[in-house]
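Engineer: Have a look at this prediction, sequence included:
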Amino acid sequence: MGQSYSQVLFQGLSMYLWFILREEQEKLNVWVALMNLENLYGTQESLVKVFERALQQNEPKKVFFQLIGIYTRTDKLEVRMRSRQK
């Protein structure tokens, strides 16, 4: 016997969602790479510009967490937070 209509539909939707999520993750990865480059070699202003564009193109919460991770890995989180408080 063949699969029911709902089983085929569910499999199709699952594949479609997998492709969408994969593309979203790849897009976020590109923005994270750009933020890493700006963090290491650019200025604070250039990083903020890339960060703001990344927020527009991706889920903001994920972008914020990525930026916190970048700052943490490069020991810049405390410096950035202190500069924001001034």
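Structural biologist: Alright, I've got the coordinates.
Engineer: Helices of the protein, start to end?
Structural biologist: Secondary structure of the chain (DSSP state H): helices located at 5-41, 44-57, 60-73, 77-85.
Engineer: With mean neighbour count and mean pLDDT added, can I get those in TSV?
Structural biologist: The C-beta positions use only the backbone N, C-alpha and C, and glycine is treated the same way. Shown next, in TSV, are these (neighbours: other CB atoms under 10 Å; pLDDT from 0 to 100):
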stretch	mean neighbour count	mean pLDDT
helix 5-41	12	85
helix 44-57	15	93
helix 60-73	15	95
helix 77-85	11	59
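Engineer: For the most centrally placed residue in the chain, give me its contacts.
Structural biologist: Residue closest to the average C-alpha location in the chain (CA atoms, centre = their mean): L28, at 3.5 Å. Counting by CB atoms under 8 Å, 6 or more residues apart in numbering, L28 touches A54, N58, E59, K62, V63, Q66.
Engineer: Could you count how many residues lie near the closest residue to L40 other than its chain neighbours?
Structural biologist: Nearest in space to L40, with sequence neighbours left out and distances taken as CB to CB, 6 or more residues apart in numbering, is T74 at 7.1 Å. T74 has 13 neighbouring residues, counting by other CB atoms under 10 Å.
Engineer: Look up how far L55 lies from the residue nearest to the centre of the chain.
Structural biologist: Separation of L28 from L55 (CB to CB, to the nearest Å): 11 Å.
Engineer: Now list whatever residues contact both of those two.
Structural biologist: In contact with both L28 and L55: V63, using CB under 8 Å, 6+ apart.
Engineer: Present the contacts of L28 as JSON lines; the columns should include distance to L47.
Structural biologist: Output for these, formatted as JSON lines (distance: CB to CB, whole Å):
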{"residue": "A54", "distance to L47": "10"}
{"residue": "N58", "distance to L47": "16"}
{"residue": "E59", "distance to L47": "19"}
{"residue": "K62", "distance to L47": "17"}
{"residue": "V63", "distance to L47": "12"}
{"residue": "Q66", "distance to L47": "12"}
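Engineer: quick one: which of these is nearest S14?
Structural biologist: E59 (20.6 Å; CB to CB).
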